[in-house]
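Enquirer: Quick one, what's the 3D model for this:
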Amino acid sequence: MNNAVRLPYKIGYAVTLVWLVWIVYGYVNYDAMADRGQVSIVLLSAVIGMILLPIYFISVLLFYVYKRGPKKK
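Expert: Sure, this is the predicted structure:
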């Protein structure tokens with residue numbers, strides 16, 4: 001993969017890892033989150049992450065394909 005794509009993918013992977021840790025933390029500590037009223041925040045961040053993260057990775061891929069241009073034969 002091109003150097004121009006590596007940094008956005010690394011940023012995306014880091015954000016995905018933080019998102020996944022937050023979701024697992026919310027699941028493991030469900031009782032404590034429910035007592036603090038944060039279950040809705042965890043569920044909302046789960047839904048937003050499932051929607052936005054694939055859009056981010058697909059847009060980075062499409063941007064790379066667009067910048068690369070057509071193949072020369």
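
Enquirer: And whichever helix in the chain runs longest, what does it pack against?
Expert: In the chain, taking DSSP state H as the definition, the longest helix is helix 39-68. Helices and strands touching helix 39-68, by 3 or more Cβ pairs under 8 Å, 6 or more residues apart in numbering; DSSP states H and E, are helix 3-28, helix 30-36. All C-beta spots, glycine's among them, are computed from the backbone N, C-alpha and C.

Enquirer: Same list (those) but as a markdown table, adding mean pLDDT.
Expert: Formatted as a markdown table, the entries for the helices and strands packed on helix 39-68 read as follows, by pLDDT from 0 to 100:
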| stretch | mean pLDDT |
| --- | --- |
| helix 3-28 | 89 |
| helix 30-36 | 87 |
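
Enquirer: for the ones you listed, which one sits closest to residue 44?
Expert: helix 3-28 (10.6 Å; Cβ to Cβ).

Enquirer: Give me the distance between that closest one and the centre of its chain.
Expert: 5 Å (Cα atoms, centre = their mean, to the nearest Å).

Enquirer: Buried residues, that helix. List them.
Expert: By neighbour count, with 16 or more other Cβ atoms under 10 Å as the criterion, the buried positions of helix 3-28 are 5, 8, 19, 23, 26.
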